[in-house]
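Peer 1: Take a look and give me a structure for this.
(2 chains)
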Amino acid sequence: MSNIVLQVEDLHTSFFTRAGEVKAVDGVSFYVKEGETFGIVGESGCGKSVTGLSILRLLPEPAGQVVGGKIIMEGKSLLELNPKQMRAYRGKMISMILQDPMSSLNPVYTIGDQIGESVRLHQDLPENMVEAEVIDALRLLRIPSPEVRAREYPFQLSGGMRQRAVGAIAMSCRPRLLIADEPTTALDATIQAQYIALFEDIQEKTNVAIIFITHDFGVVARICDRVGVMYAGKIIETASTRDIFKNPKHPYTKALIQSVPQLVKKDERLFSIEGQPPSLLRLPKGCRFYPRCTVSMDICKEQEPPEVKIGENRSVSCWRVK
Amino acid sequence: MAKVILEARDIVKHYPVTKGLLQRTVGWVRAVDGVSFSVEQGKTLSIVGESGAGKTTVARQILLLEKLTSGSILFEGTDLYKMSPAQIKDEYRPKVHYVQQNPWSSMNPRMRIRDVVGEPIFVNTKQTKKTVYTEVTKLLEQVGIDIDGMSRYPHEFSGGQRQRIAVARALALNPTLLILDEPVSALDVSIRAQIMNLFKDLQSKFDLSYIVIAHNLATVRYMSHSVAIMYLGQLVEYGDSEALFERPLHPYTRALISASQLTLPEDSEGKAQQIILTGEMPSPLNPPSGCRFHTRCTEASDKCSKDVPEMRKVGKQMVKCHHYD
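Peer 2: Okay, here's the model as predicted:
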């Protein structure tokens, strides 16, 4: 049994706006083990990115705040660290890859400088060793001719190479946990396939735990071991990737999987979920999915369904599932 | 045989690369390099390719936003470049409309929805405001937008609703052809299905033709009757959609399909088939010799780097590859 790297328990993150409290993350629990990839899937606005930012404590404060719950990394509670201690975690223990590589790289520094920055910050190494680490990180991401690339600027690289450079920054200190927030969304189909294969390879070599945030079930099927499906601030179903596809339990998961066009023949109608996710300012009283659910019952309108454990690695929040 | 709405014959777009004080031309970017296809009434043609393949340039050429370097585009049998400006304005523009990828940037944030949708009618006809707004009500009903939204502004709508409004605007003048540039890629999964179903319904209701520009093959399969795969400014495979997905001929098409397929975990059969291409698309400034795909092809031979392959008919498809000589 491998070790749990990160455990999130009943996390609540809110944004305090003029219109009121927006409960972006409203009671989310999950864990990631060493060498495992946990996917968080959901539509825009469901709170998946805010979950990632809460773990790194990078919320735009004071508007956004973690208002409850626990985030525990290898026995340490991250929410109790002071800012200086937290800084020592970022980049060294936990790192993050964002969607758009052009906006996460600094255009006026070379790729080598930017990878070296986190190496210098976290490891007390002589300059020639830093350089070796930089080349090593570039090699890990399979960037061809790393010595040359290290001296180039972001604009000289293609989109796929830039995203690899971002990956090299993230992996430069060999973190224990990597949070990847839609890292493949901005890439072309064939480049996306390359990048995903690369992730698998890196995980094998470094045994890093990955939280993979995405909206794309195709990507989930390829890279994740377990998945949590998020809707309006809550994880409504957690299961192994295999179970999610073969036997989804929650009506929202079922509907999402049925609207993946890969699985539909041309002349069938695509299944579509009517309506839109609720506003996080005015959540429905009962189940959040109730207004769009096709199999709702009276109780769904009145009471929020509890999280029910079914089997060892599965849980669902739905009144229909007992 | 259905009526052909639009036909592109060997269209080319080369952009000059200039250098120095005198702006001498030192090279050409071959963005589109000899592309031919046709769209029939009531059918959908999808043009698929990765970024830099030239698919958006093709769309812009059809919309006359880019001049052709050579070749011709025929609309209902008439060459666009032989039409007078007045004919273009009265006979071509109202019939062909464009729906952009990003519904957040394709609308003026200061205009009310009724004016956003009504603008094409105001510009092209001399109707009174009242009759135009009645027309707008009908259009919004067709795309499933509540007419209470007429006097609201674009920011008050969600992404899916905005895309519906953009479609209503494109339908305002009863067009025959819509060019949809990545129509669903900016939308969420659950909303995508709604919009794709809407496109299908409108197509059968009004006998519309679509040219869909896309990079996601999964949505393409669901929407289209024929598919053209573009690589580095040229078509590498073109033909009936089902045939192309059932039996992809070109190695690039196979790699694209493999990249968009849903491989279920522990489905070892599926995993083995995944084709991962090495490298990236070369620069259109200096395309490779012979077959343009040979630098990344898994099945390339000596011949591929020397001789340029011809477009050949194989079954229901056309393919540009030496393996079918």
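Peer 1: so where's chain B shaky on pLDDT?
Peer 2: Where chain B drops to pLDDT under 70, the residues are B:1, B:263-273.
Peer 1: hmm, 80 instead?
Peer 2: Applying pLDDT under 80 to chain B flags the ranges B:1-2, B:186, B:188-190, B:216, B:218, B:260-274.
Peer 1: Where do the helices of it begin and end?
Peer 2: When assigned using DSSP state H, the helices of chain B occupy the ranges B:55-62, B:85-87, B:113-124, B:129-142, B:159-171, B:189-206, B:217-223, B:241-246, B:251-260, B:268-273, B:302-306.
Peer 1: closest one to residue A:168 among the ones you listed?
Peer 2: Evaluated with C-beta to C-beta, the helices of chain B place helix B:251-260 nearest to residue A:168, the distance being 23.1 Å. For glycine as for every other residue, the C-beta is placed from the backbone atoms N, C-alpha and C.
Peer 1: Mind giving me the packing neighbours of that closest one?
Peer 2: Counting contacts by 3 or more C-beta pairs under 8 Å, 6 or more residues apart in numbering or on different chains; DSSP states H and E, helix B:251-260 packs against helix A:189-206, helix B:217-223, strand B:226-231, strand B:234-240.
Peer 1: want to try JSON lines for the helices of chain B, with distance to residue A:148 as columns?
Peer 2: What follows is those, written out as JSON lines (distance: least, C-beta to C-beta, whole Å):
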{"stretch": "helix B:55-62", "distance to residue A:148": "31"}
{"stretch": "helix B:85-87", "distance to residue A:148": "52"}
{"stretch": "helix B:113-124", "distance to residue A:148": "50"}
{"stretch": "helix B:129-142", "distance to residue A:148": "56"}
{"stretch": "helix B:159-171", "distance to residue A:148": "41"}
{"stretch": "helix B:189-206", "distance to residue A:148": "40"}
{"stretch": "helix B:217-223", "distance to residue A:148": "34"}
{"stretch": "helix B:241-246", "distance to residue A:148": "40"}
{"stretch": "helix B:251-260", "distance to residue A:148": "27"}
{"stretch": "helix B:268-273", "distance to residue A:148": "34"}
{"stretch": "helix B:302-306", "distance to residue A:148": "25"}
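Peer 1: I'd like those laid out as a markdown table, including mean neighbour count.
Peer 2: Putting the helices of chain B into a markdown table (neighbours: other C-beta atoms under 10 Å in any protein chain shown) gives the following:
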| stretch | mean neighbour count |
| --- | --- |
| helix B:55-62 | 22 |
| helix B:85-87 | 9 |
| helix B:113-124 | 19 |
| helix B:129-142 | 16 |
| helix B:159-171 | 23 |
| helix B:189-206 | 19 |
| helix B:217-223 | 23 |
| helix B:241-246 | 18 |
| helix B:251-260 | 23 |
| helix B:268-273 | 11 |
| helix B:302-306 | 15 |
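Peer 1: Mind checking those for the one nearest to residue A:36?
Peer 2: Ranking the helices of chain B by their distance to residue A:36 (criterion: C-beta to C-beta) puts helix B:268-273 first, at 18.2 Å.
Peer 1: circling back to that earlier point, need the winner for burial among the helices and strands packed on helix B:251-260.
Peer 2: Across the helices and strands packed on helix B:251-260, the average number of neighbours (mean count of other C-beta atoms under 10 Å in any protein chain shown) peaks for strand B:226-231, which reaches a mean of 26.
Peer 1: ok, and what's touching that one?
Peer 2: Under the criterion C-beta atoms under 8 Å, 6 or more residues apart in numbering or on different chains, residues B:35, B:37, B:43-50, B:53-55, B:58, B:220, B:235-241, B:244-245, B:250, B:252-253, B:256, B:281, B:292-293 lie in contact with strand B:226-231.
Peer 1: could you give the angle of it to strand B:234-240?
Peer 2: Put simply, strand B:226-231 runs at 160 degrees to strand B:234-240, going by axes from the mean of the first three to the mean of the last three C-alpha atoms, to 10 degrees.
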